[in-house]
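Chemist: Quick one, what's the 3D model for this:
(one chain, ligands or ions: 1)
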Amino acid sequence: MNPLLTIDGLTAGYGALAVLHGIAFSIDPGQTTVLLGANGAGKTTTLRAICGMTWRRGRIVFDGRDLAASRTEKIAGAGIAHVPQGRGTFSDFSVEENLALGAYLRNDKASIQEDIQRWYELFPRLAERRSQAAGSLSGGEQQMLAIARALMSRPRLLLLDEPSLGLAPLVTKELFACLSRLREELALTMLIVEQNANLALEFADQCHVLERGRLVTSGRAADMRANDEVRRAYLGY
Ligand code: ATP
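Modeler: Residues are numbered from 1 along each chain as shown. All right, here's what the predicted structure looks like:
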């Protein structure tokens, strides 16, 4: 099986600052990969580099195409959707308007409506609040909306930046249950940045640990959870 995404020798940053220093990993179709690491290690920057939101050198091969020189819109069009930290929904727009905006690269009106109904089934709380302004939703509902909106572009790879940030434990649990369903129903490939290492390792197949812009440990999530040394050194628990 060919990987869906291969990153090789990726160096990326902002202005004169290089944040990532030659990182490499790949993700197979249908797999969930989690990026862990301390604050400032470069996790968010990795997702942003994949989406073309930083300068970058190296290879970012998605489904056989090198996107390292491509612009954000082309990368989205190729099938990569990004749910940034802080969610980035349009707070004055309704839930339904936000979902419709997620389909901005599509012009198949009938199937856009079908998709909206589909995400309402997966996230019933959004269905109940379809006319409500996104800004008035709870944190958990906003995160669900951000994910549903990203799905409106029918991505093959979903990048999620700290989906549990600021959410109560029960809401986080509900959110990850939805992500599990998505993974089963769509065979969706995901790359997740998550502060909650325990939760992330339970959910993911593969794990990479970043330290000051370099990958220091990689492996199967189950193995990482079982390895006391790795846990103490990199995961802080
Ligand atoms: P956190 O968990 O705190 O979000 P992170 O691992 O996601 O950490 P990044 O957000 O990728 O880390 O940040 C890595 C480094 O890049 C930090 O030193 C940060 O200050 C710097 N950085 C991030 N965004 C910018 C920016 N827009 N301009 C300049 N430097 C930035």
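Chemist: For the rest of this, base every contact and every neighbour count on C-alpha atoms.
Modeler: Noted.
Chemist: avg pLDDT for the longest helix belonging to the chain?
Modeler: Looking across the chain with DSSP state H, the single longest helix is helix 169-186. If you average the pLDDT over helix 169-186, you get 91.
Chemist: Show me which residues of that helix are buried.
Modeler: Thr172, Leu175, Phe176, Leu179, Leu182, Arg183 (16 or more other Cα atoms under 10 Å).
Chemist: Dump the residues you listed into CSV; add distance to Phe25 as well.
Modeler: As requested, the buried residues of helix 169-186 are exported to CSV (distance: Cα to Cα, whole Å):
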residue, distance to Phe25
Thr172, 27
Leu175, 26
Phe176, 24
Leu179, 22
Leu182, 23
Arg183, 21
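Chemist: near the ligand, from the residues you listed?
Modeler: Residues of the buried residues of helix 169-186 in contact with the ligand (Cα under 6 Å from any ligand atom): none.
Chemist: Taking those, tell me the two that lie furthest apart.
Modeler: Thr172 and Arg183 (16.4 Å; Cα to Cα).
Chemist: list the helices and strands the longest helix of the chain packs on?
Modeler: Helix 169-186 sits against helix 139-151, with contacts defined as 3 or more Cα pairs under 8 Å, 6 or more residues apart in numbering; DSSP states H and E.
Chemist: Enumerate the residues of the protein near the ligand.
Modeler: So far as Cα under 6 Å from any ligand atom goes, the chain lies against the ligand at Tyr14, Val19, Asn39, Gly40, Ala41, Gly42, Lys43, Thr44, Thr45.
Chemist: Just the buried ones from those?
Modeler: Neighbour-count burial (16+ other Cα under 10 Å) is assigned, among those, to Val19, Ala41, Gly42, Lys43, Thr44, Thr45.
Chemist: ok, the last one - contacts?
Modeler: Contacts for Thr45 (Cα atoms under 8 Å, 6 or more residues apart in numbering) come out as Ala12, Gly13, Val19, Leu20, Thr54.
Chemist: Next, it: phi, psi?
Modeler: With angles defined as degrees, to the nearest 10, Thr45 sits at phi -60, psi -30.
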